[in-house]
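Undergrad: Structure of the sequence below:
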Amino acid sequence: MLCYYCKQNINRTIIKRNMTQDTSMTITTTTTRRRIKRRRSCSQSPGINDLPDNIFAEVAAFLPKPSRALLAVAMIAPSSEWRVSKRGRPLSATSRAILSLSFPLSRHHHLRGERQQSDGPWLDLDFADLEEDLRTQLDDDDIRAILICINANKTLKVLKLTGCVNVIGHGLEPLRRSIALEQIDLSLVPQYESPIVEPIPAISEDAIVPILDSIVGTPGNSLKQIQLPKKFREEGGERSLALYEFLEMYARLLERRLATCSKCARVLNRNRGSERGWLHKNCNSPWYGLQNYTCYQCTKHFCYSCADEDDNGDILRWCLNCEKEYCATCVLSFECVGCSANICNGCKALRNCARCGRACCKDCLYECKACHRTGCGDCINYLQCWGRYCQKAHCEDCFDDKDLNVSLCTSCGACFCPDCLLAACIEDWETACSGCAERLAQRVVPLSKETKYIKQKPNQKDQDSQRGVKTPAL
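TA: As a prediction, the model looks like this:
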């Protein structure tokens with residue numbers, strides 16, 4: 001049997017062992033509870049929708065208009081979900097703050113002057129403010145969501161789809177029967193660039209023309225200027241009947257308004273038999289679909305009889321590079337000394353001649369490939385062969401009658417090298433001018449005499465045989 005003291009020691013050991021097990025279980029339970037609380041706190045942390053609206057207004061103040069509209073759309077729903085309802089979705093308080101900038105901004109914005117000024121309704125929207133990579137990714141769903149979000153049908157006056165080459169046209173449905181729209185640019189290029197877009201954009205007449213028809217056919221509409229894409233009016237392409245009928249309807253609308261010149265107050269296009277119409281409707285014309293009497297910049301109407309303030313020419317001029325008309329007040333235009341074409345100052349397509357300093361377009365400013373001198377046609381007599389596949393070109397001072405042998409015919413003005421001139425005359429010898437024939441004769445006759453002399457000249461062996469001299473064998 002155990003004594004009293006032994007029993008006490010055994011009981012103490014058992015109690016310590018039980019206490020150790022209880023402590024470990026308590027620590028494990030406490031750790032598990034902490035982990036559960038941490039998970040709950042992470043799941044309940046604030047997200048982007050929980051941020052105050054004035055923070056979004058602060059961020060949107062640094063963004064251009066298209067980016068601000070895209071941010072407002074993203075805070076409501078994806079762009080693909082806006083096509084379900086024609087009226088769109090109700091704007092949240094955050095989206096209203098982004099679009100209107102109604103919250104007071106911090107002093108930091110006003111000091112740096114980077115805040116975008118658009119506190120009123122959205123009057124204009126130009127996607128040229130976006131980066132090129134982002135513009136090319138926009139589709140019809142994005143355009144539709146933006147137009148619905150800013151209430152474009154009732155407020156938007158100017159729309160320019162600059163760089164939106166993937167837009168087909170269905171995204172412009174919110175603009176149907178709009179009475180606020182005054183100008184729409186569908187050329188898809190920046191203002192001072194050529195309207196030629198490569199590769200061919202996705203914009204379609206089947207989607208665009210019905211929308212434009214609904215705007216023009218709405219009583220009380222404000223449409224003043226339309227810039228159609230080059231794809232619709234390019235020369236040699238198929239002219240659709242729907243587009244031609246729309247041009248007819250739009251021209252009749254402009255005629256009924258009896259618009260007057262902003263300078264002389266004369267009614268434009270009153271005598272339709274002697275003046276050009278509001279639109280170029282000749283399907284065979286390279287200007288098919290372009291609008292007359294209207295400045296692209298200010299959308300004011302001018303006649304072609306009024307001169308500018310300095311009396312340097314017409315107040316309204318058409319730019320050959322960007323294919324737009326500008327008045328002298330908005331954009332200055334300069335005339336090329338070579339081809340007399342008007343180029344606006346914004347295109348910067350004119351360069352000054354290094355010799356005389358006069359402005360020339362790129363087609364009238366020449367560079368000799370031999371001496372590398374540049375100049376206009378009056379300062380450097382540049383000769384370039386008219387042959388289809390010939391690349392010979394040089395100035396008159398570099399003529400050497402060997403490799404640099406391009407010359408100008410004084411009779412017909414044709415410019416050929418001898419080889420291409422011979423080929424051109426052989427194709428149609430009956431219509432060849434006397435100057436070209438004389439030039440060929442001067443080159444062919446000496447060559448034929450030299451050939452004849454070589455053929456008739458006996459060799460050394462024939463001469464020795466005639467004299468009776470025996471030629472030694474080698």
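Undergrad: Report pLDDT for the most centrally placed residue in the chain.
TA: With distances taken as C-alpha atoms, centre = their mean, Val189 lies nearest the centre of the chain, 2.1 Å away. With respect to pLDDT, Val189 has a value of 95.
Undergrad: a strand runs through it, doesn't it?
TA: No - read with DSSP: H, G, I helix; E, B strand; the rest coil, Val189 is coil and lies in no strand.
Undergrad: how near is the closest residue to Glu248 other than its chain neighbours to Ser407?
TA: In this structure, Glu248 finds its nearest non-sequential neighbour in Lys281, 7.0 Å apart by C-beta to C-beta, 6 or more residues apart in numbering. Where you see a C-beta, it was placed from the backbone N, CA and C, and this is true even at glycine. Note on Lys281: its distance to Ser407, by C-beta to C-beta, to the nearest Å, is 45 Å.
Undergrad: pLDDT at Trp429, what is it?
TA: Looking at Trp429, its pLDDT is 69.
Undergrad: try Gly113
TA: Gly113 carries a pLDDT score of 42 in this model.
Undergrad: Counting neighbours, show which residues of stretch 396-411 come out buried.
TA: Buried residues in stretch 396-411, defined by neighbour count with 16 or more other C-beta atoms under 10 Å: Cys398, Leu404, Asn405, Val406, Ser407, Cys409.
Undergrad: Make JSON lines from those residues and add secondary structure to it.
TA: Output for the buried residues of stretch 396-411, formatted as JSON lines (three-state DSSP):
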{"residue": "Cys398", "secondary structure": "helix"}
{"residue": "Leu404", "secondary structure": "coil"}
{"residue": "Asn405", "secondary structure": "coil"}
{"residue": "Val406", "secondary structure": "coil"}
{"residue": "Ser407", "secondary structure": "strand"}
{"residue": "Cys409", "secondary structure": "coil"}
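Undergrad: Take the residues you listed and lay them out in JSON lines including pLDDT and distance to Ser67.
TA: Shown next, in JSON lines, are the buried residues of stretch 396-411 (pLDDT from 0 to 100; distance: C-beta to C-beta, whole Å):
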{"residue": "Cys398", "pLDDT": "79", "distance to Ser67": "55"}
{"residue": "Leu404", "pLDDT": "72", "distance to Ser67": "56"}
{"residue": "Asn405", "pLDDT": "73", "distance to Ser67": "59"}
{"residue": "Val406", "pLDDT": "81", "distance to Ser67": "54"}
{"residue": "Ser407", "pLDDT": "79", "distance to Ser67": "59"}
{"residue": "Cys409", "pLDDT": "80", "distance to Ser67": "60"}
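Undergrad: Nearest to Arg388 among these?
TA: Nearest to Arg388 among those is Val406, at 14.5 Å by C-beta to C-beta.
Undergrad: Would you agree that closest one is in contact with Cys415?
TA: Yes - with contact defined as C-beta atoms under 8 Å, Val406 counts as touching Cys415 (6.3 Å).
Undergrad: Give me the common contacts of these two.
TA: Both Val406 and Cys415 are in contact with Leu383, Gln384, Cys385, where contact means C-beta atoms under 8 Å, 6 or more residues apart in numbering.
Undergrad: Of these, which belong to strands?
TA: Leu383, Gln384 (DSSP state E).
Undergrad: For Phe232, state which of the shared contacts of Val406 and Cys415 is nearest.
TA: Phe232 has its nearest neighbour among the shared contacts of Val406 and Cys415 in Gln384, at 34.2 Å by C-beta to C-beta.
Undergrad: what's the burial count for the closest one?
TA: Per other C-beta atoms under 10 Å, the neighbour tally for Gln384 reads 16.
Undergrad: Let me know the next secondary structure element after the worst-scoring helix or strand of the chain on mean pLDDT.
TA: Scoring the helices and strands of the chain by mean pLDDT, DSSP states H and E places helix 107-112 at the bottom, with a mean of 38. The first helix or strand that comes after helix 107-112 along the chain, using DSSP states H and E, is strand 124-126.
Undergrad: got a list of contacts for that following strand?
TA: With C-beta under 8 Å, 6+ apart, strand 124-126 has contacts from Lys65, Pro66, Ala69, Ile146, Ile150, Ala152, Leu156, Lys157, Val158, Leu159, Lys160, Thr162.
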